[in-house]
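Enquirer: have a look; sequence and predicted model below, questions after that.
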Amino acid sequence: MLSSTQAVLKILKYHSALNLKNIVLKPFSLKHYCQQTSNINNQLETVQNKNKSALETLDNAFETIDVNTLTLTPEEEAKIKTYEQTQESSVLEPSDQDVSHVKPFTPATQTFARYANQSTTIQKLADLGVHLYRWENSARAMNILLKLDYETGLKKYISVEQIDERLGFFQQSFHLSGNEVRALCEQLPKLITKKKEWILEVSFAVKEQMGFNNKEMKKLLLTHPRLWTQDAGIMVSNFNYVHSEMLIPHSAIVEYPNILTSRLFRVQNRHLFLVKLSRNQYDPTKEHYVSLESLISGTDAEFCTNVARTTIELYNMFLKTAGSNVPTTMLSNVEYLSGKAAAWAKDFSG
């Protein structure tokens, strides 16, 4: 006896020449098979309506067709056997099917860390040093990134030839050795992918507007590559004040280039305060030397204690008055002031 699957497949095979609504399976009278045939009829009704000219007109009476007279190819018989074996198996029975790709559902989250062990894309981007945390505030960005496949959706945009060309650009422009290029990549990877126009603009500002020579510019790049990610105009403004007003030479700036990216108003306020105290000594060969690092580092209180040798109250008065007389009633901690600071306070109060 034919199985129900075989019978149904034979019917489907000849559906273009028969009106399935009039088919009655002679070998099978079970309600299950009749219901199955009815379902197939409903599914194919749309197809039949589109191709009515190909259907044979039958009598109103039900015509009986013996499905045993219909033939199936060996390939169709094999597919039927595989299908029936699949249908008869239980989900509780052991299976040889690979289900390693099936993972538990991961609920919504606001951090990429939860997907680190499951997403190859997240792992690859983390290995490349991508700051994924910057996208965690955008649910839409996270959703798009998690759906991307690294091999097909991202890898094609990471061109080895383009990166190699960019490395060659840095090596030739700054006369770097192979080891120096590798060190630069390790220290600040995003600099390599920065637009050429931006790099050239900063290089022009450093060399032509600030006056650093090639050797000094190379040292600046290797010790403080973040300079080439900053706004060139802001750095030129900082340099003009530090070099022209504070009389700091190029050699000192090369040793501590952070002065070029510090907030200018902070440098100005602290420098002018040291000028009032006659402590603006930036020459390392002389007594009471004040380094550029100590000038811009730390809080205002630490600066007053360690560098200006005075109190934060006096410094705050200086910032508020900007040259006006300072009331003596505000100077309650004179014992902490240096001799120069005390003399300056008396001059302003007198």
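Expert: Now that the structure is in, tell me what you want to look at.

Enquirer: domains of this protein?
Expert: 4-84, 112-157, 159-257, 262-350 (automatic domain parsing).

Enquirer: which of these comes out lowest on mean pLDDT?
Expert: Note on the domains of the chain: lowest mean pLDDT is at domain 4-84, with a mean of 53.

Enquirer: give me the neighbour count for P94.
Expert: Per other CB atoms under 10 Å, the neighbour tally for P94 reads 6. Bear in mind the C-beta positions are built from the backbone N, C-alpha and C, glycine included.

Enquirer: need phi/psi at it.
Expert: Here is the backbone geometry of P94 (degrees, to the nearest 10): phi -60, psi 140.

Enquirer: i'd like the first residue to be 757 from this point on
Expert: In the new numbering, first residue 757, that becomes P850.

Enquirer: stretch 926-938 spans what distance, first to last residue?
Expert: End-to-end distance for stretch 926-938, by CA to CA, to the nearest Å: 11 Å.

Enquirer: give the buried residues for that stretch.
Expert: F926, S929, F930, L932, E936, V937 (16 or more other CB atoms under 10 Å).

Enquirer: just stretch 897-915 next, same as before
Expert: By neighbour count with 16+ other CB under 10 Å, stretch 897-915 contains the buried residues M898, L901.

Enquirer: now swap in stretch 1029-1040 and tell me
Expert: Buried-residue list, stretch 1029-1040, by 16+ other CB under 10 Å: F1029, L1030, K1032, L1033, R1035, N1036, Y1038.

Enquirer: alpha carbons of it, as CSV, please.
Expert: This file holds the C-alpha atoms of stretch 1029-1040, laid out as CSV (Å, rounded to 0.1, in the frame of the first residue of the first chain):
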residue,chain,number,x,y,z
PHE,A,1029,50.1,84.5,38.1
LEU,A,1030,53.7,83.3,38.1
VAL,A,1031,54.7,86.6,36.4
LYS,A,1032,53.1,88.5,39.3
LEU,A,1033,55.1,86.4,41.7
SER,A,1034,58.3,86.6,39.7
ARG,A,1035,58.4,82.8,39.5
ASN,A,1036,58.0,82.5,35.7
GLN,A,1037,61.3,80.7,35.4
TYR,A,1038,61.2,78.2,32.5
ASP,A,1039,64.9,77.8,31.9
PRO,A,1040,66.0,74.3,33.3
